[in-house]
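Engineer: predicted model and sequence follow; I will ask about them next.
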Amino acid sequence: MAFERQRRGRVAEQRALGLLQDNGLRLLARNVRFRVGELDLIMQDRETIVFVEVRFRSPSRYGGAASTIARKKQQRLIRAAYCWIQMQFASDEPASRFDVVTLDGQAVEWIRGAFGVSGPL
């Protein structure tokens, strides 16, 4: 069961990546892990770094995929993004945002700016 869930997750992530690339975003990194959290996709949208959380859920009888990103998960993503920014950029932090790509069965939704922090990371 765990293997099947991982396989579905990889397929969902690949579908999300294709959607983002088709819309002009460039892949910088994927599946970046830190002690504080993991970043599924790190993309560049012009001058903006985009941290993308990919969520897959099927069936959605307990709420859609977007409903699974609670505040605690958002905080872990924000901390992981901060770690990545600190590693990549010595001084000038680029503009950044947090997007979510949800896959509920066959339905795919890209939520730009799904959550964020006020001020720099």
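Structural biologist: Sure thing, it's come through. Being a predicted model, the structure only gives us computed values, none of them experimental. Numbers count the residues shown, from 1 in each chain.

Engineer: what are the contacting residues of the helix or strand I85 falls within?
Structural biologist: Element membership for I85, per DSSP states H and E: helix 71-88. Applying Cβ atoms under 8 Å, 6 or more residues apart in numbering, the contact partners of helix 71-88 are 29, 32-34, 36-39, 42, 49, 51, 53, 93-94, 96, 98, 115, 117, 121. C-betas here are computed from N, CA, C, even on glycine.

Engineer: as PDB, could you dump the C-alpha coordinates of it?
Structural biologist: Extracted in PDB, the C-alpha atoms of helix 71-88 (Å, rounded to 0.1, in the frame of the first residue of the first chain):
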ATOM      1  CA  ARG A  71      -1.400  25.800   9.200                       C
ATOM      2  CA  LYS A  72       1.200  23.500  10.800                       C
ATOM      3  CA  LYS A  73       2.100  22.100   7.300                       C
ATOM      4  CA  GLN A  74       2.300  25.600   6.000                       C
ATOM      5  CA  GLN A  75       4.800  26.600   8.700                       C
ATOM      6  CA  ARG A  76       7.000  23.600   7.900                       C
ATOM      7  CA  LEU A  77       7.000  24.600   4.200                       C
ATOM      8  CA  ILE A  78       7.900  28.200   5.100                       C
ATOM      9  CA  ARG A  79      10.800  27.000   7.300                       C
ATOM     10  CA  ALA A  80      12.100  24.700   4.600                       C
ATOM     11  CA  ALA A  81      11.800  27.500   2.000                       C
ATOM     12  CA  TYR A  82      13.800  29.800   4.300                       C
ATOM     13  CA  CYS A  83      16.500  27.100   4.600                       C
ATOM     14  CA  TRP A  84      16.700  26.800   0.800                       C
ATOM     15  CA  ILE A  85      16.800  30.600   0.300                       C
ATOM     16  CA  GLN A  86      19.600  30.900   2.800                       C
ATOM     17  CA  MET A  87      21.600  28.200   1.000                       C
ATOM     18  CA  GLN A  88      21.100  29.700  -2.500                       C
END
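
Engineer: which is the next helix or strand following that helix?
Structural biologist: Following helix 71-88 in sequence order, the next helix or strand is strand 95-104 (DSSP H and E).
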